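In: here is the input, now give the coordinates:
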Amino acid sequence: MTLSEIINVITEFARDHQILAIFIVFILAFGESLAFISLLLPATVLLLGLGALIGDNGLTFLPIWLAVACGAFLGDWLSYWFGFHYKNSVRHMWPISRRPEMLDRGHLFLERWGVWSVFIGRFFGPLRAVIPLVAGICAMPKHYFQLANLLSAMVWAFAILAPGVFGLSWLAQWMG
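Out: The predicted model follows:
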């Protein structure tokens with residue numbers, strides 16, 4: 001099954017089973033923010049597509065946005081905990097073991113930007129996968145991490161859904 005087919009299947013399922021849309025977007029955002037899963041899951045594209053369903057099918061923005069933000073927050077929180085608990089041994093775990101240089105890049109980014117790296121990193125694919133893990137490995141103070149995690153999750157959730165929600169309605173109005 002190609003990526004395009006996967007996107008179509010999930011989008012159609014969410015369209016047909018709108019009551020499950022909140023759960024679906026939560027799982028996708030959680031997976032996208034979880035250190036090991038995000039390297040394998042094309043959730044960003046799926047979430048962008050599901051954002052379009054909000055405008056097209058009458059789904060309410062607020063619960064979907066909250067579900068995406070909560071999923072992203074919890075995924076990063078678990079990644080932080082995993083790094084805090086397992087430290088540098090994560091370097092030898094799959095799929096990180098296939099690209100350990102990602103941890104090195106994440107560490108350099110964290111050294112340069114500190115707590116801001118948690119916020120900024122959420123918006124860049126490869127960094128999103130490793131910054132919380134590296135923050136845990138480096139024992140970033142939990143309250144700093146969680147504050148940046150919460151704020152970035154809320155902004156990211158809005159940013160990932162907004163193109164579909166606002167872009168399509170604007171385009172439909174423009175086209176008459």
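In: helices or strands up against the helix ranked longest in the chain?
Out: Among all segments of the chain classified by DSSP state H, the helix with the greatest residue count is helix 61-86. Using 3 or more C-beta pairs under 8 Å, 6 or more residues apart in numbering; DSSP states H and E as the contact criterion, the neighbours of helix 61-86 among helices and strands are helix 21-33, helix 43-57, helix 125-137, helix 142-162. From N, CA and C alone the C-beta is placed, and that goes for glycine too.
In: nearest to Ala14, out of those?
Out: In this view, the helices and strands packed on helix 61-86 are compared for proximity to Ala14 by C-beta to C-beta, and helix 21-33 is the closest at 4.8 Å.
In: now the angle between helix 142-162 and that closest one, please.
Out: An angle of 120 degrees separates the directions of helix 21-33 and helix 142-162 when computed by axes from the mean of the first three to the mean of the last three C-alpha atoms, to 10 degrees.
In: and the helices and strands packed on helix 61-86: which comes nearest Ser4?
Out: Each of these was scored for nearness to Ser4 using C-beta to C-beta, and the closest is helix 43-57 (9.3 Å).
In: residues contacting Ser152?
Out: Neighbour list for Ser152: 72, 118-123 [criterion: C-beta atoms under 8 Å, 6 or more residues apart in numbering].
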